[in-house]
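Visitor: Sequence and predicted structure are below.
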Amino acid sequence: GTGAGRPVSLTGNIPTSQTGLIRFARRQAEAGRKPGLVPIRSTLDLHDFRAWIRVRRLDAVIFLEQWWWEPIVAAADLGLLTGVIVNEYTEPTIPFYACFDFLIVNTRQHAEVFDWHPQVFFVPWGVDLDAFRPRADAPLAPGLVTFVHLAGMNPHRKGTDLAVRAFVRVRGPARLAVHT
């Protein structure tokens, strides 16, 4: 079924061509469904998104962990190349990545999983060790424990609310750094 807050299950054959997947995604979007996931609410206005693309005369849009079909379909309908930075996936969602023109992966494991896709770009995580070098083995602030939480742009999915609730229980001098 497709009720708010209930998982959506897909039945039938899932197309394997990019054109077939875009059509499939469009039908799923029109029905308010996503592959095996719970419906997402977003503050992105699709009319504004399309206008933003037109005004800037974009050639491509790169999505990050995108599972809301409407922006992908909108970009494809406007003739843009669509790409995605793949950070997380599950076995059942792997075929859906065929709807993108290209994938950017950051681990060799991801590159192997998506080696069937014609346009996979392996860009490994990287840290400039000359720019980011620990100054010492000492704590950042002596006498103070620092907790770091990487929230990204979706703090509820990343558990920011849980990190804050846990942090208020910490005894002793401490600080919480939330990176978005």
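Guide: Great, that's in hand. No experiment lies behind these values; they were computed from the predicted model shown.
Visitor: CA atoms for contacts and neighbours, from now on please.
Guide: Will do.
Visitor: For the chain, which segments count as helices?
Guide: Ranges of helices within the chain are 18-30, 46-56, 69-77, 108-113, 160-167, based on DSSP state H.
Visitor: okay, the ones you listed in TSV with mean neighbour count and mean pLDDT next?
Guide: Listed next are the helices of the chain as TSV, based on neighbours: other Cα atoms under 10 Å; pLDDT from 0 to 100:
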stretch	mean neighbour count	mean pLDDT
helix 18-30	17	57
helix 46-56	12	92
helix 69-77	20	88
helix 108-113	14	94
helix 160-167	14	86
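Visitor: For H149, find the nearest of those helices.
Guide: Closest of the helices of the chain to H149 is helix 160-167, at 7.2 Å (criterion: Cα to Cα).
Visitor: what does the closest one contact?
Guide: Helix 160-167 is contacted from outside by H149, A151, P155, L176, V178, using Cα atoms under 8 Å, 6 or more residues apart in numbering.
Visitor: Go through these and flag which are in strands.
Guide: H149, L176, V178 (DSSP state E).
Visitor: who's in contact with the first one?
Guide: Counting by Cα under 8 Å, 6+ apart, H149 touches T160, A163, L176, A177, V178, H179.
Visitor: H117 contacts F96, correct?
Guide: No: the criterion here is Cα atoms under 8 Å, and H117 misses it with F96 at 10.8 Å.
Visitor: Those two: who's more crowded?
Guide: Comparing H117 with F96 by neighbour count (other Cα atoms under 10 Å), the higher total belongs to F96, at 19 against 16.
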